[in-house]
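**Q** Here's a sequence, model it:
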Amino acid sequence: MSKSPQKAMNASRNVGRVAMESAQAIAQINQKVAQEFAELMHQRLYDLMKTQDPKAVFDYVHAEVLQDAAKEVTHYHQQLLDVLKSGNKELAEIAEVMIQDSKADLIHFVNDATNNAPLGSEAYVSVFKNSFNHALENFELVRAAMADSFTNFEKSVESVSNLSSVQSTSKKKS
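**A** Sure, this is the predicted structure:
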């Protein structure tokens with residue numbers, strides 16, 4: 001098997017691994033949150049059953065239960081964003097390696113082709129090299145677009161994270 005297909009298979013395997021690890025991390029977070037929520041609700045219901053005064057129940061629910069729920073949702077949201085951010089970073093690194101490997105393969109191919117060109121084919125070699133230079137420019141455009149895409153995703157995750165922290169802070173002040 002040549003290097004390029006093997007590299008592509010390795011990259012695909014790594015992308016699959018990142019996706020699987022992210023899915024597993026999210027599943028573990030969901031399971032943990034569900035268990036904690038069930039325990040918390042059990043305790044809250046137990047506390048509410050002991051209370052006889054309706055106003056005390058209302059105050060308790062407002063002061064304790066709702067604030068705790070907001071904290072838990074914010075914490076859960078942050079954990080999910082951390083998983084997405086980590087997976088995104090790893091995918092960006094895999095894509096960068098794939099692009100650099102493809103670029104190196106293309107350079108090697110062109111150098112072999114032009115070095116072994118028969119005499120009298122200089123015009124064809126010139127056209128070929130011009131096409132190659134355009135292909136390299138396209139590689140760089142693809143790499144830059146990919147980097148921008150991953151950076152924009154990261155910024156989106158950060159802004160959602162910042163928004164949720166601002167909202168939870170403003171709720172605490174209310």
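**Q** Could you use CA atoms for every contact and neighbour count after this?
**A** Noted.
**Q** Confirm for me that Leu81 is in contact with Ser159.
**A** No: at 10.5 Å, Leu81 and Ser159 do not qualify as touching, with contact defined as CA atoms under 8 Å.
**Q** buried residues in the lowest-mean-pLDDT helix or strand in the chain?
**A** Taking mean pLDDT, DSSP states H and E as the measure, helix 54-60 is the helix or strand of the chain with the lowest mean score, a mean of 73. Neighbour counts over helix 54-60 (16 or more other CA atoms under 10 Å) mark 57, 60 as buried.
**Q** What are the contacting residues of stretch 103-113?
**A** 4, 129, 132, 136, 139 (CA atoms under 8 Å, 6 or more residues apart in numbering).
**Q** From the chain's centroid, how far away is the least confident helix or strand of the chain?
**A** The chain centre lies 43 Å from the centre of helix 54-60; the measure is CA atoms, centre = their mean, to the nearest Å.
**Q** now swap in stretch 11-29 and tell me
**A** For stretch 11-29, the distance to the chain centre is 10 Å (CA atoms, centre = their mean).
**Q** again with stretch 152-161
**A** 10 Å.
**Q** Put the alpha carbons of stretch 34-54 into CSV.
**A** Written as CSV, here are the backbone C-alpha positions of stretch 34-54 (Å, rounded to 0.1, in the frame of the first residue of the first chain):
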residue,chain,number,x,y,z
ALA,A,34,-29.1,12.4,35.1
GLN,A,35,-27.9,10.5,38.2
GLU,A,36,-27.1,13.8,40.0
PHE,A,37,-30.5,15.2,39.0
ALA,A,38,-32.4,12.2,40.2
GLU,A,39,-30.6,12.3,43.6
LEU,A,40,-31.1,16.1,43.9
MET,A,41,-34.8,15.8,43.1
HIS,A,42,-35.2,13.0,45.6
GLN,A,43,-33.6,15.2,48.3
ARG,A,44,-35.7,18.2,47.3
LEU,A,45,-38.9,16.3,47.4
TYR,A,46,-38.0,14.9,50.8
ASP,A,47,-37.3,18.4,52.1
LEU,A,48,-40.6,19.7,50.6
MET,A,49,-42.6,16.9,52.2
LYS,A,50,-41.3,17.9,55.6
THR,A,51,-42.5,21.5,55.1
GLN,A,52,-46.1,22.4,56.2
ASP,A,53,-46.2,26.1,55.3
PRO,A,54,-47.1,26.8,51.7
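**Q** can you list contacts of it?
**A** Stretch 34-54 is contacted by residues 57, 65 when judged by CA under 8 Å, 6+ apart.
**Q** One more pass at 10 Å, please.
**A** Residues outside stretch 34-54 that contact it (CA atoms under 10 Å, 6 or more residues apart in numbering): 28-33, 56-61, 64-65, 68-69, 72.
**Q** Separate out the buried members of those.
**A** Listed as buried from the contacts of stretch 34-54 are 29, 33, 57, 60, 65; burial here means 16+ other CA under 10 Å.
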